[in-house]
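Q: predicted coordinates and the sequence they were generated for:
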Amino acid sequence: MKHIPMNSFLRGALGVDAVASGAMGIALSAAPGLLARVLGLPETPLYYIGVFLIAYAMFVAWTALRSRPASGATANPCAACARRPGRCRPCARA
């Protein structure tokens, strides 16, 4: 699998997703009773979904702000390449 470079469009899309998810998470966790009456859903799951969305939004925002992917984030089919980059004999990658 090839590395996908982080361009401004992808950063913007991730940023919008982080803001929208965070806003919905705050709304769900701050007022689950009100939203439960409006949506006709039980209160408890709405609260926990809101907490999850806040954590998800923080992860997406962190991903959008990174300058490069974490090491090991790109898939490598050969385990020997991961252990010894640039000197892999099993798959003959140089």
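A: Arrived safely.
Q: contacting residues around Val16?
A: Counting by Cβ atoms under 8 Å, 6 or more residues apart in numbering, Val16 makes contact with nothing. All C-beta spots, glycine's among them, are computed from the backbone N, C-alpha and C.
Q: what is the subsequent helix or strand relative to the helix or strand containing it?
A: Using DSSP states H and E, Val16 falls within helix 8-30. Counting by DSSP H and E, the element after helix 8-30 in chain order, helix or strand, is helix 32-39.
Q: what is that following helix packed up against?
A: Applying 3 or more Cβ pairs under 8 Å, 6 or more residues apart in numbering; DSSP states H and E, one finds that helix 32-39 makes contact with helix 43-65.
Q: give me the angle between the helix it packs on and helix 32-39.
A: Counting by axes from the mean of the first three to the mean of the last three Cα atoms, to 10 degrees, helix 43-65 lies at 100 degrees to helix 32-39.
Q: for Val19, which residues are in contact?
A: By Cβ under 8 Å, 6+ apart, the residues touching Val19 are Ala57.
Q: could I get the helix holding Val16 in PDB with only the CA atoms?
A: Extracted in PDB, the C-alpha atoms of helix 8-30 (Å, rounded to 0.1, in the frame of the first residue of the first chain):
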ATOM      1  CA  SER A   8      -4.700  20.800   2.200                       C
ATOM      2  CA  PHE A   9      -8.000  19.300   1.100                       C
ATOM      3  CA  LEU A  10      -7.600  16.300   3.300                       C
ATOM      4  CA  ARG A  11      -6.500  18.400   6.200                       C
ATOM      5  CA  GLY A  12      -9.600  20.600   5.700                       C
ATOM      6  CA  ALA A  13     -12.000  17.700   5.400                       C
ATOM      7  CA  LEU A  14     -10.500  16.200   8.600                       C
ATOM      8  CA  GLY A  15     -10.800  19.600  10.300                       C
ATOM      9  CA  VAL A  16     -14.500  19.900   9.400                       C
ATOM     10  CA  ASP A  17     -15.100  16.400  10.600                       C
ATOM     11  CA  ALA A  18     -13.400  17.100  13.900                       C
ATOM     12  CA  VAL A  19     -15.400  20.300  14.500                       C
ATOM     13  CA  ALA A  20     -18.700  18.700  13.500                       C
ATOM     14  CA  SER A  21     -18.100  15.500  15.600                       C
ATOM     15  CA  GLY A  22     -16.900  17.600  18.600                       C
ATOM     16  CA  ALA A  23     -19.900  19.900  18.400                       C
ATOM     17  CA  MET A  24     -22.400  16.900  18.300                       C
ATOM     18  CA  GLY A  25     -20.500  15.200  21.100                       C
ATOM     19  CA  ILE A  26     -20.700  18.200  23.300                       C
ATOM     20  CA  ALA A  27     -24.400  18.600  22.600                       C
ATOM     21  CA  LEU A  28     -25.100  14.900  23.300                       C
ATOM     22  CA  SER A  29     -23.100  14.800  26.500                       C
ATOM     23  CA  ALA A  30     -24.200  18.200  27.800                       C
END
